[in-house]
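Undergrad: Mind folding the following:
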Amino acid sequence: MQKNKVVTFGEIMVRLGAPDYLKLIQSNSLDVSYAGAEANVAVSLSHYGISTDYITCLPENPIAEHCIMELRGHCVGVDHIQRSGKRMGILYLETGSNMRPSKVFYDREYSSIAMIEPGSINWYEILKDATWFHWTGITPALSQNAADECFKAIQVANELGVTVSCDINYRGNLWNYGKDASEVMPALVEGCDLIMGNEEDCEKVFGIKPKNFDASNTQGNINQSTFESVCQQMMTRFPRCKKMAVTLRGAINANHNTWCGILYDGKQLYQSARYDITDIVDRVGGGDSFMGGLIYGLLHYRDNQKALDFATAASAYKHTLKGDFNWATVDDAEALMSGNVSGRVKR
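TA: Below is the predicted model:
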């Protein structure tokens, strides 16, 4: 059995970004890369030396081949990628500046994974030597078939004793096949040992929110302890959950955010340092880099505070990198954890 093998499941898209802070309507060329929450987690973990296996569906065409080559270049396992369907989803991105926010536009209807055939993936084979399985709320938003396949993967992982984590990752504009997240997500989240969300996910999907909190009026200053009640409520609703994490972003403007996180284990609330991130290069994928860092931290340090500190540092580092993928190494994140670099403020 391989030690600490992590399997992730979801959609990877072609990311087409307007260059040089241009709006899409201004752009005569687009930067090409790849993007997907679960792939982002797998890439992060591979950079930390963790064995990974990324599961998705891709068509038989040169763009999909290039995507697989890119994943291989990050040492992500691709042997179980299913070749089916006719197209990859597309993400169009324009990077914001100052008072103009970044914008993302999706074109992913009828993508290969949205059209996945139920039962077409042998989860017993894929998960038989896995330590951890990770999914996000984006996958069940794509289609009923994708939701059903995600549910099957969680069931098998539970049966095999594989740790299951979920990033709620609510995207309201993706739930277009006749069901809402509140109808689909509870049955999937019930099988999770670790749940993660941002400051609004739990409210939008489960109606669980902290008292006297307005995400649109943080001005960069979020009281981490405010979210302890959210964690408690989530763990009461989903009793299998052993740990709950929340990422907290304070958006001062498009280029300047604060960033921190909390982790709750049912008894104690752990709080990270808060990072004051100026001159942001690319914040897309920040939550995924936190999740990748948290999984690594929990597997490697086996210490909740160190795991949280590593996750927050790794994801803060991601904001300095263009593209969805986090190229941070363990050394990069640990240097930030040590507090010997600028940008970190006290808990």
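Undergrad: Rounded mean pLDDT for stretch 316-334, please.
TA: In this model, stretch 316-334 has an average pLDDT of 97.
Undergrad: ok, and the closest non-adjacent residue to Thr226?
TA: Pro210 (4.6 Å; Cβ to Cβ, 6 or more residues apart in numbering). Bear in mind the C-beta positions are built from the backbone N, C-alpha and C, glycine included.
Undergrad: What pLDDT is listed against that neighbour?
TA: Reported pLDDT for Pro210: 85.
Undergrad: I'd assumed it was in a strand, is it?
TA: No - under the criterion used here (DSSP: H, G, I helix; E, B strand; the rest coil), Pro210 is coil, not part of a strand.
Undergrad: residue contacts, Ile12?
TA: Tyr34, Ala35, Gly36, Glu38, Ala39, Tyr54, Thr56, Leu58, Cys67, Leu71, Met88 (Cβ atoms under 8 Å, 6 or more residues apart in numbering).
Undergrad: cutoff 10 Å now
TA: Taking Cβ atoms under 10 Å, 6 or more residues apart in numbering, we find Ile12 in contact with 34-40, 42, 54, 56-58, 64, 67-68, 70-71, 81, 88-89, 91, 111-113, 324.
Undergrad: what's the distance between it and Val78?
TA: Plainly put, Ile12 is 10 Å away from Val78 if you go by Cβ to Cβ, to the nearest Å.
Undergrad: what touches both of those two?
TA: Residues touching both Ile12 and Val78 (Cβ under 10 Å, 6+ apart): Ala42, Tyr54, Thr56, Leu58, Cys67, Ile68, Glu70, Leu71.
Undergrad: And those residues, which is closest to Ala328?
TA: Ala42 (14.2 Å; Cβ to Cβ).
Undergrad: just checking, Ser102 touches Leu91?
TA: No - between Ser102 and Leu91 there is no contact under Cβ atoms under 10 Å: 11.8 Å.
Undergrad: Those two: who's more crowded?
TA: Counted by other Cβ atoms under 10 Å, Ser102 and Leu91 do not tie: Leu91 has more neighbours, with 23 against 17.
Undergrad: Does the more buried one fall in a helix, a strand, or a coil region?
TA: Three-state call for Leu91 (three-state DSSP): strand.
Undergrad: what's the overlap in contacts for Ser102 and Leu91?
TA: Gly17, Val284.
Undergrad: Break down the stretch 101-250 of the chain into its helices, ranges please.
TA: In the stretch 101-250 of the chain, helices defined by DSSP state H, counting those that start in this stretch lie at 123-127, 139-142, 144-160, 181-189, 201-206, 228-237, listed in chain order.
Undergrad: winner for burial among these?
TA: With neighbours defined as mean count of other Cβ atoms under 10 Å, these peak in mean count at helix 139-142, which reaches a mean of 26.
Undergrad: For Thr258, give me phi and psi.
TA: Main-chain torsions, Thr258, degrees, to the nearest 10: phi -100, psi 160.
Undergrad: Enumerate the beta-bridge partners assigned to it.
TA: Gly250, Asp276 (DSSP bridges).
Undergrad: I figured it was touching Ser272, is that so?
TA: No - counting by Cβ under 10 Å, Ser272 is not a contact partner of Thr258; they are 11.3 Å apart.
Undergrad: quick one, which of those two is more surrounded?
TA: Higher neighbour count among Thr258 and Ser272: Ser272, with 27 against 20, using other Cβ under 10 Å.
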